[in-house]
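Undergrad: Just a sequence and a predicted model for now, questions to come.
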Amino acid sequence: MNAQTIMICSGKGGTGKSTVAVLLGAELGRRGKRVLLIELDSGLRSVDVIAGVYGKTVYDIEDVLCGRCDGDKAVVQSPLYPGLSVISAPYEGGEVRSAPLARLVLAMRGYFDFILFDTAAGMGAPFTAAAQLAERALLVLTPDPVALRDGRIVADALIAGHHTQKSVRLIVNRVTRQSFGKNAPVFDLDECIDTVGVQLIGVIPESRALQLAGAHGAALAQGCAAQTAGAAIAGRVLGERIPLTFTGW
C-alpha cells in the first residue's frame, strides 16, 4: 500500500472541520479502506472524543514529532469506526514541523490506504506542513460570507503552492433550508462555489445526530442524513460517480 494523503482544512474556525474529518475517515473505513487520521490542531484537541478514543491515547503527535516515541506507538484504533485509526494532537503546546511530519508519513503510508490531516483553522504551521505533504485538499466551510471569504484565501494559497485546481475541493457543512435564499446572507450553493473558486465535492446538512455523536464519543447512526452525506463524499473521493443530491435539509 502507498497511502493517499488528504488534508482537511478551513479558513475560519467553527466550520466543523474535525467532525467532517472523522466522518470521512469512518466512511472510507466502512468501504474497507485503512485510514489514519492525524490531528494537527495542537491545544484544541477534539478528534479523540469524536472518534471515541478519548482516554485511550498514551502518546500524541507532539511526542512523535519530537522523537519521544515512534509513530506506531501513538496510533490508536477507533472503537466506533472499523478501519479508522487516529494520532491525536496534544492538549496544549506543541509545534507542527514539516520535516518530522514528512518522516512520519513516509513511515506510515505503507500501512494505510489513506492518511488524513486534520489541520488547524487558518494558515499557520499545521496548514503549511500538511499542504506540503497532501496530494489533495478538502476545504470545509459553512454557508456564511466570512467563512466563504476566508475559504477563498485558503484555496488561493493552496493553488499558488503545489496544488492544482483539480486537487482542491469544497465541502459545505451545516446546511439548513434557511442557509440560502433572498433573505439569507448567501443566496445559493452556486454562490458558495463561485466565491471560493473550487469545485464542490459534498454538502452536509446541519445534524443534531452528528453533533450529539461527536460530543458523546458515540458512533453516528447509520442512515441519518449526515452519515448519508459523508458516505457520498467518501465515494467521490474514491472516484465513484455519485450525483450531488442533497437530503435532510
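TA: Nice, I can see it.
Undergrad: how close does Gly197 get to Ala121?
TA: Using CB to CB, to the nearest Å, Gly197 is found at 19 Å from Ala121. Using the backbone N, CA and C atoms, a C-beta is placed for each residue, glycine as well.
Undergrad: neighbour-wise, which of those two wins?
TA: A count of neighbours by other CB atoms under 10 Å puts Ala121 above the other of Gly197 and Ala121, at 21 against 15.
Undergrad: ok but that one is inside a strand, no?
TA: No. Counting by DSSP: H, G, I helix; E, B strand; the rest coil, Ala121 is not found in a strand; it is coil.
Undergrad: For the lowest-mean-pLDDT helix or strand in the chain, enumerate the helices and strands it packs against.
TA: Here the helix or strand of the chain ranked lowest by mean pLDDT, DSSP states H and E is helix 61-65, holding a mean of 90. Other elements packing on helix 61-65 under the criterion 3 or more CB pairs under 8 Å, 6 or more residues apart in numbering; DSSP states H and E are helix 71-74, helix 98-108.
Undergrad: The same query, at a cut-off of 10 Å, please.
TA: Helices and strands touching helix 61-65, by 3 or more CB pairs under 10 Å, 6 or more residues apart in numbering; DSSP states H and E, are strand 35-39, helix 71-74, strand 84-87, helix 98-108.
Undergrad: Columns mean pLDDT and distance to Leu244 on top of these, output as CSV?
TA: Converted to CSV, these look like this (pLDDT from 0 to 100; distance: least, CB to CB, whole Å):
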stretch, mean pLDDT, distance to Leu244
strand 35-39, 97, 23
helix 71-74, 93, 36
strand 84-87, 97, 25
helix 98-108, 93, 31
